[in-house]
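Participant: Make a model of this:
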Amino acid sequence: MSSTTKPTDFDRGYAQVLATRLRRIPTLAWVAAAVGGFIGSVPLGLMMQYGNPEPLIALALPMMYGFSGPDLLAGWAIHQFHGVALAVMYVAAAQWQPVTGHAKTLRGAVALAVVVGVVSTALFSVLLMPLWLGAIGYPFTPTVPDLAMPEKLWSVFGHVIYALPATLGYALVTRR
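Facilitator: Take a look at the predicted model:
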């Protein structure tokens, strides 16, 4: 490469480009999404605790991390941690070029909350949790894939409600 040409994203490698983009995100954007994820996890957790016949918060989540259960406090702590971690992952994913502009607008944030709700239900509730729960011997393990209706529609709704504070928090801090 000559000194007169500018390095392209391909030349520098995708990992370097992503690392550069992530470093450019204002700290307040990370914090807003994380706080939003924590806040959004509360109604989702309440839906899980009171809307499911099996004890997901009190038993499934603690068992997934090696705690004996039921343990409602441990379940809620794990659930809230998941909410913050997923919100931070959302901020990283929002740096993907096709999404970046939408993530910085309120309308785009609402649309992305729906996407996050659908994708997180598909990945976690339908696929990952049934596999993980089966591996640890959870007594109420669903089949894989877990497509039980209307529970999965309820899960999508809950995950959209969860995602709204995270996506809106990020958008409010970074909007154009």
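
Participant: Tell me, how many residues neighbour the nearest residue to V91 once chain neighbours are set aside?
Facilitator: Distances taken as Cβ to Cβ, 6 or more residues apart in numbering place A33 nearest to V91, at 4.8 Å, with adjacent residues excluded. Placement of C-beta: from N, CA and C, glycine included. When neighbours are counted by other Cβ atoms under 10 Å, A33 registers 31.

Participant: Within the helices and strands, which one has A33?
Facilitator: helix 27-51 (DSSP states H and E).

Participant: And the contacts of that helix?
Facilitator: Contacts with helix 27-51, where a contact means Cβ atoms under 8 Å, 6 or more residues apart in numbering, come from 56-58, 76, 79-80, 82-88, 90-91, 154, 157-159, 161-170, 172-174.

Participant: Buried ones among the residues you listed?
Facilitator: By neighbour count, with 16 or more other Cβ atoms under 10 Å, these hold 56-58, 76, 79-80, 82-84, 86-88, 90-91, 154, 157-159, 161-170, 173-174 as buried.

Participant: quick one: which of the residues you listed sit in helices?
Facilitator: 76, 79-80, 82-84, 86-88, 90-91, 154, 157-159, 161-170, 173-174 (DSSP state H).

Participant: what about the helix or strand harbouring A19, distance to the chain center?
Facilitator: Following DSSP H and E, one finds A19 within helix 14-24. Mean-position distance between helix 14-24 and its chain equals 20 Å (Cα atoms, centre = their mean, to the nearest Å).
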